[in-house]
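Trainee: sequence and predicted structure, then a few things I'm wondering about:
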Amino acid sequence: MNIQMKPQAAAAQNSLKGKVSLVTGSTSGIGLGIARALAAAGSDIVLNGFGNAEDIAKVQTELQTEFGIDVGYSSADMSKADAIAAMIMTTLSEYGRLDIVVNNAGIQHVAPIDQFPIEKWNAILAINLSSAFHTTRAALPAMRANKYGRIINIASAHGLVASPFKAAYVAAKHGVVGLTKTIALETAEEGITCNAICPGYVYTPLVEAQIEGQAKAHGIPREQVIRDVLLAQQPNKRFATVEELGALTVFLASEAAASITGIALPVDGGWTAH
């Protein structure tokens, strides 16, 4: 076997220059934080998600101005296989390549199994799990042609452990972890890696709204909501940040992570160490 030594991986800044990244569900929250980190590393970005057109255009302009990269946008509905295929086709047509796919789009609904609305089950499975399959399926031929690709699936601590009343979300995220392993095995000799990031609670505006809502509903201080309700399962008693997830995504997309594939990496403050 002829083993060739590669130069040490470049620093994060501009480590992804010349690459094109698609991040689904990236007009806000975790997805936007990841898109921002990839942009800071020099990658061109294709955003995806719903939202006010003016707000999305503002985000595009901000990323372009701050990092000197190109920022596209697709409004593809991630519950629709045809829309996902069209998004990938358009990306390849406009950029000529697609190097990094971050499957982040997701929704949630909480209810007991015997009261779980069937339409909510179907929607969660479609957006949280099937969209990752459809996006990866459509992107792989271009990655294989370039002999390079990074597929990063945003799963959840709930892809590794379960909680009551989250049947669809837990099932979908467990499915994402299994899909990640299968993709990794099928692409292991092709310069393509596939990994899953499994966050616990991440601080976003949506989580802040939950904190305020729980505090009012139960008449307890926000600090108690954070520690005893939301972070009850997290030993470190702190939220992860979108910046932490972005930095990890950049690492997994880099040459330094070329031998890391098929893993489900918890970012959960010790939750799944129990």
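Mentor: It's in. Numbering: from 1, shown residues only.

Trainee: residues contacting stretch 50-66, please?
Mentor: Residues outside stretch 50-66 that contact it (Cβ atoms under 8 Å, 6 or more residues apart in numbering): 27-28, 32, 35-36, 39, 45, 47, 49, 69-73, 75. Using the backbone N, CA and C atoms, a C-beta is placed for each residue, glycine as well.

Trainee: okay, and which of those map to strands?
Mentor: Assigned to strands by DSSP state E, the following of those qualify: 45, 47, 71-73.

Trainee: low pLDDT regions in the stretch 1-150 of the chain?
Mentor: 1-12 (pLDDT under 70).

Trainee: sorry, back to before: most neighbours among the ones in strands among the contacts of stretch 50-66, please name it.
Mentor: With neighbours taken as other Cβ atoms under 10 Å, the top of those is residue 45, carrying 27 neighbours.

Trainee: is that one bridged to anything, and to what?
Mentor: residue 21, residue 71 (DSSP bridges).

Trainee: report the buried residues of stretch 130-141.
Mentor: Neighbour-count burial for stretch 130-141 flags 130-136, 138-140 (criterion: 16 or more other Cβ atoms under 10 Å).

Trainee: tell me the one among these nearest to residue 120.
Mentor: For the buried residues of stretch 130-141, the residue nearest residue 120 by Cβ to Cβ is residue 130; the value is 14.7 Å.

Trainee: three-state assignment of that closest one?
Mentor: helix (DSSP: H, G, I helix; E, B strand; the rest coil).

Trainee: next up, the contacts around it.
Mentor: Applying Cβ under 8 Å, 6+ apart, the residues near residue 130 are 79, 81.

Trainee: please apply the same query to residue 73.
Mentor: Neighbouring residues of residue 73 by Cβ under 8 Å, 6+ apart: 46-48, 56, 60.

Trainee: show me where the stretch 1-150 of the chain has strands.
Mentor: 20-23, 44-48, 71-74, 100-103, 149-154 (DSSP state E, counting those that start in this stretch).

Trainee: so which of those comes closest to residue 176?
Mentor: The minimum distance between residue 176 and the strands of the stretch 1-150 of the chain falls on strand 149-154, with 5.1 Å, by Cβ to Cβ.

Trainee: what's the following helix or strand after the closest one?
Mentor: Using DSSP states H and E, the helix or strand that follows strand 149-154 towards the C-terminus is helix 167-186.

Trainee: give the pairing partners of whichever helix or strand comes after that next one; include direction for each.
Mentor: Counting by DSSP H and E, the next helix or strand C-terminal to helix 167-186 is strand 192-199. Partners of strand 192-199 in the sheet, by DSSP bridges, are strand 149-154 (parallel), strand 264-267 (parallel).

Trainee: ok so, going back, in TSV, list the strands of the stretch 1-150 of the chain along with distance to residue 94.
Mentor: Listed next are the strands of the stretch 1-150 of the chain as TSV, based on distance: least, Cβ to Cβ, whole Å:
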stretch	distance to residue 94
strand 20-23	9
strand 44-48	8
strand 71-74	6
strand 100-103	15
strand 149-154	18
